[in-house]
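Q: any chance you could fold what I've pasted below:
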Amino acid sequence: MGRITIFAIDECPFCVKTKAALTELEIPYTEINLSSYPEKRSDMLALSDQLTVPQVFFNDKHIGGADDTIAVLEKWEEENTHPTALLRYQEEIESELNPTDSRLDPPSTPPKVVDPPPERSEADKILLPNGEHISVLDLTQELIKILPKYDISQFTGNYMSCFKGLSCVAALLTNFGITEREEAFKFCLLLQERKILHHVKEKHLFEDNTKLYRLQPYHSPGVLNSYRIWNDRVEPDHMALIFRLAKMIGKIMSDVTGNDGKVDYILASKHINYPAFEEAVCEIQGVSMSDMDDKTKIAFGTNLYNLMIRYAFAKVGIPKTNLQRMNFFKKVSFNIGGEKFSFNDLENGILRGNSKAPHALKKPFSPADSRLPLIVKNVDPRIHFALNCGAKSCPPVKKFTSSAIEEELRIVASAFAEQDENVLVDEEKNVLHLTLILKWYRSDFEKIKGQLPETLLKYLRGEKKEKLKRMIESKKPIKLKYNTYDWSTDASESKKFEQKQLKANQLSASTFLMIILI
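A: The predicted model follows:
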């Protein structure tokens, strides 16, 4: 009996979209899940000559990806040759024999089991006044519920998301079953010692008065992974940690992705599993890149960049203008091994070997910067086919490993260059139409093999490669034209990004005036 086969992965919005389109028409399909059976990826590549998911087959016939499949289904509806799409499927596909290629057979072995993360240590527990132990996550979530959260203006500044010390004591008395105010006060001191709450200016021990304090999740709003100060064990396999975090946020994003493939990032930030992810990603605070070789830094850094973009969209919103994008990539940061990195720092500082960003006047790291020793020594320009800043014109998000990074970058480079919106060869006019990525980072590509057309040649294949090869061999000057970059995202709903939200403490008007006058 014939069938439709879909190669897919978990948390893939395009896979969700394709499966939803078939389900709406009541058409059955067989899924080969590459997350559970990663060894089947080689079968998909060999059968489809494509590197993205989903890849769909009607029996042995390769249909293509999400857009290709939906286009076929829409054509079926337009042709209206059968009362329903299901009947057409049954007549044209299901009535045939099974696919002849065994690589399209569903796996018969058990799915790959992912090792669980290491056990948490006792550092994750807090002793409550009643003698019970509670995790930092659960306690923080409880404190978020019961403690007031105000934006308070004083002569010395404006303090966001804070509360008075006496309000904290009162909340503990009311909600934690504590009978003595002194006992509640001492517990607040413990919370400060464990860095679950802080004085707004880090100047005072906790006091039961009107001094201002705030919880850790609101204390460093410009640092994404600052929900807690990480003092627990750190996963020794840093790549396994990144993959686990990517799976966590991927599941959240999948749950808030509509049938149109659009993501509700506001709903993502309210997802039941979002706090657990916010805590888990703080483990990156304990990861040091100092012992990583270049291949590991490239794989780790690329995966982390792509992960943090999705997190940032949910937590601080999506920039809409050029100015907002500049502030987003320069000001939104994350803590890696105790050092803070912006998206600009990670891309241009670490992965590009401390090179100036497009339109920048200076390098990200100065000679005295403590992060300078962490940079990649042998820069690989193909990272630009792997980093995804969330825009429609960006390369798709992939998973990269230190052991196979060379092959993985080769694959994504070829896949990216195959798209006409990224590289279009007009042999007749001797023109190359290129993505702006190749203009912004042209120096990276020309370091490897001279002029840009010669470098691009090794990323192409088939007719497109032959055309460009003939253009180069003709010795005629090749004209480069760059396409408009599409900054639109996959968001259906998102917060408004504002730079001011990245600071928990802000100068008051009176303080600002005093500084000017001085």
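
Q: just the helices in the stretch 351-500 of the chain please.
A: 405-418, 437-440, 442-449, 452-457, 462-473 (DSSP state H, counting those that start in this stretch).

Q: in TSV: those, plus mean neighbour count and distance to residue 306.
A: Where C-beta positions appear, they are placed from N, C-alpha and C, glycine not excepted. Below are the helices of the stretch 351-500 of the chain laid out as TSV (neighbours: other Cβ atoms under 10 Å; distance: least, Cβ to Cβ, whole Å):
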stretch	mean neighbour count	distance to residue 306
helix 405-418	19	12
helix 437-440	19	15
helix 442-449	16	19
helix 452-457	18	23
helix 462-473	15	27
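
Q: of all these, which one is nearest residue 317?
A: Among those, the nearest to residue 317 by Cβ to Cβ is helix 437-440 (23.7 Å).

Q: residue 52 contacts residue 66, doesn't it?
A: No: the criterion here is Cβ atoms under 8 Å, and residue 52 misses it with residue 66 at 9.0 Å.

Q: and whichever strand or helix holds residue 62, what's buried?
A: Counting by DSSP states H and E, the secondary-structure element that holds residue 62 is strand 61-64. Using 16 or more other Cβ atoms under 10 Å as the test for burial, strand 61-64 gives 62-64.

Q: so what does residue 237 look like in phi/psi?
A: Per-residue torsions, residue 237: phi -90, psi 100 (degrees, to the nearest 10).

Q: quick one: it from residue 473, how far?
A: Distance of residue 237 to residue 473, given as Cβ to Cβ, to the nearest Å: 48 Å.

Q: same check, this time on residue 458
A: Applying Cβ to Cβ, the value for residue 458 to residue 473 is 15 Å.

Q: worst mean pLDDT among the helices of the stretch 351-500 of the chain?
A: Among these, helix 442-449 has the lowest mean pLDDT, at a mean of 83.

Q: which strands and helices sit next to it?
A: Contact here means 3 or more Cβ pairs under 8 Å, 6 or more residues apart in numbering; DSSP states H and E; on that basis helix 442-449 packs against helix 452-457.

Q: so what touches the helix it packs on?
A: 381, 417, 423, 432, 434, 438, 442, 445-446, 448-449, 465, 468-469, 471-472, 478, 480 (Cβ atoms under 8 Å, 6 or more residues apart in numbering).

Q: what do you get for stretch 384-391?
A: Outside stretch 384-391, the residues touching it (Cβ under 8 Å, 6+ apart) are 302, 305-306, 309-310, 313, 318, 329, 343, 347, 351, 394-398, 400, 408-409, 412-413, 415-417, 437-438, 441, 444, 459, 485-490.

Q: so for that stretch, what gets flagged as buried?
A: 384-390.

Q: same list as before, the residues you listed that is, but in JSON lines and with distance to residue 253 and pLDDT included.
A: As requested, the buried residues of stretch 384-391 are exported to JSON lines (distance: Cβ to Cβ, whole Å; pLDDT from 0 to 100):
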{"residue": "384", "distance to residue 253": "24", "pLDDT": "97"}
{"residue": "385", "distance to residue 253": "22", "pLDDT": "96"}
{"residue": "386", "distance to residue 253": "19", "pLDDT": "96"}
{"residue": "387", "distance to residue 253": "18", "pLDDT": "97"}
{"residue": "388", "distance to residue 253": "13", "pLDDT": "97"}
{"residue": "389", "distance to residue 253": "16", "pLDDT": "96"}
{"residue": "390", "distance to residue 253": "12", "pLDDT": "95"}
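
Q: looking at those, which are in strands?
A: Among the buried residues of stretch 384-391, DSSP state E puts none in strands.

Q: now, which of those sits nearest residue 46?
A: Using Cβ to Cβ, the buried residues of stretch 384-391 come closest to residue 46 at residue 385, 21.3 Å.

Q: residue 253 touches residue 13, doesn't it?
A: Yes: using Cβ under 8 Å, residue 253 is in contact with residue 13, at 7.4 Å.

Q: neighbour count for these two, which is higher?
A: Neighbour count, other Cβ atoms under 10 Å: between residue 253 and residue 13, residue 253 has more, with 24 against 20.

Q: contact partners for the more buried one?
A: Taking Cβ under 8 Å, 6+ apart, one finds 11, 13, 263, 268, 310 in contact with residue 253.

Q: name the member of those with the most neighbours.
A: For the contacts of residue 253, neighbours tallied by other Cβ under 10 Å; top is residue 268, 26 neighbours.

Q: tell me the contacts of that one?
A: Going by Cβ under 8 Å, 6+ apart, residue 268 touches 252-253, 256, 274, 314.

Q: just put those in CSV and tack on distance to residue 362 and pLDDT.
A: Shown next, in CSV, are the contacts of residue 268 (distance: Cβ to Cβ, whole Å; pLDDT from 0 to 100):
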residue, distance to residue 362, pLDDT
252, 37, 96
253, 35, 95
256, 39, 96
274, 37, 98
314, 31, 98
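
Q: just the closest of these to residue 183, please.
A: For those, the nearest to residue 183 is residue 274 (32.6 Å; Cβ to Cβ).

Q: quick check: that closest one touching residue 255?
A: No: applying Cβ under 8 Å, one finds residue 274 not in contact with residue 255, separated by 10.2 Å.

Q: just the local confidence number for residue 250, please.
A: 92.

Q: state the helix or strand in which it lies.
A: Using DSSP H and E, residue 250 falls in helix 238-255.

Q: ok now the following helix or strand past that helix, how far from the chain's centre?
A: The helix or strand immediately downstream of helix 238-255 is strand 263-264, counting by DSSP H and E. Mean-position distance between strand 263-264 and its chain equals 14 Å (Cα atoms, centre = their mean, to the nearest Å).

Q: who are the packing partners of strand 263-264?
A: strand 491-493.

Q: so residue 296 sits against residue 402, correct?
A: Yes: if you go by Cβ under 8 Å, residue 296 and residue 402 touch, sitting 4.0 Å apart.

Q: what is in contact with those two at once?
A: By Cβ under 8 Å, 6+ apart, the residues touching both residue 296 and residue 402 are residue 239.

Q: how is this structure carved up into domains?
A: 4-104, 135-218, 238-406, 422-482 (automatic domain parsing).

Q: buried deepest among these, which one?
A: The highest average neighbour count among the domains of the chain, using mean count of other Cβ atoms under 10 Å, belongs to domain 238-406 at a mean of 19.

Q: and that domain, end to end?
A: 19 Å (Cα to Cα, to the nearest Å).

Q: against which helices or strands is the top helix by length along the chain packed?
A: In the chain, assigned by DSSP state H, the helix with the most residues is helix 294-315. Applying 3+ Cβ pairs under 8 Å, 6+ apart, we find helix 294-315 packed against helix 238-255, helix 265-268, helix 274-280, strand 333-336, helix 343-344, helix 405-418.

Q: now render the ones you listed as a markdown table, adding distance to residue 174.
A: A markdown table is the format used below for the helices and strands packed on helix 294-315 (distance: least, Cβ to Cβ, whole Å):
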| stretch | distance to residue 174 |
| --- | --- |
| helix 238-255 | 32 |
| helix 265-268 | 31 |
| helix 274-280 | 22 |
| strand 333-336 | 34 |
| helix 343-344 | 42 |
| helix 405-418 | 54 |
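
Q: which among the ones you listed is found nearest to residue 139?
A: helix 274-280 (11.0 Å).

Q: hmm, who's touching the closest one?
A: Taking Cβ under 8 Å, 6+ apart as the rule, helix 274-280 contacts 136-137, 140-141, 217, 225, 227-228, 244-245, 248-249, 252, 268, 311, 314-315.

Q: can you check stretch 343-359 too?
A: By Cβ under 8 Å, 6+ apart, stretch 343-359 touches 289, 297-298, 301-302, 304-305, 308-309, 312, 328-330, 332-333, 341, 360, 362-365, 371-372, 374-379, 383, 387, 389, 440-441, 443-444.

Q: do that again at 6 Å, thanks
A: Defining contact as Cβ atoms under 6 Å, 6 or more residues apart in numbering, one finds that stretch 343-359 is touched by 301, 305, 329-330, 363-365, 374-376, 379, 383, 440.
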